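Sequence plus predicted model, see below.
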Amino acid sequence: MPRYDFRCRSCGDTFEVNRPMAQSSDPASCPAGHEDTVKLLSTVAVGGSSSAPAPQSGGGGGGGCCGGGCCG
């Protein structure tokens, strides 16, 4: 289930709410009970490493987008 970040305008507290995407824009009360909150924009961090080898530059058998078979 997606997690949404909110900030309370009354006390300044930042908190998270887990809810379905269909309810993403519904208002949320802060843990202290204040109603004046705003939904924050969240960033998603994608990490990890790729198991595919890095492309090599220079001559050789590569062909860009199509592997050298149809590009000219």
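In hand now; what should we look at? Residues are numbered from 1 along each chain as shown.

When you work out contacts or count neighbours from here on, use the C-alpha atoms and nothing else.
Fine.

Residue 19 versus the closest residue to residue 18 other than its chain neighbours, what's the distance?
Closest residue in space to residue 18, ignoring its immediate chain neighbours: residue 3 at 4.4 Å, by C-alpha to C-alpha, 6 or more residues apart in numbering. To residue 19, residue 3 is 7 Å away according to C-alpha to C-alpha, to the nearest Å.

do the same with residue 11
Going from residue 11 to residue 19 by C-alpha to C-alpha gives 23 Å.

Now do the same contact list for the residue nearest to residue 18.
Counting by C-alpha atoms under 8 Å, 6 or more residues apart in numbering, residue 3 touches 16, 17, 18, 19.

residues near the first one, how many?
Spelled out, it's residue 16. Residues lying near residue 16 (other C-alpha atoms under 10 Å) number 15.

What of the last one?
Using other C-alpha under 10 Å, residue 19 has 13 neighbouring residues.
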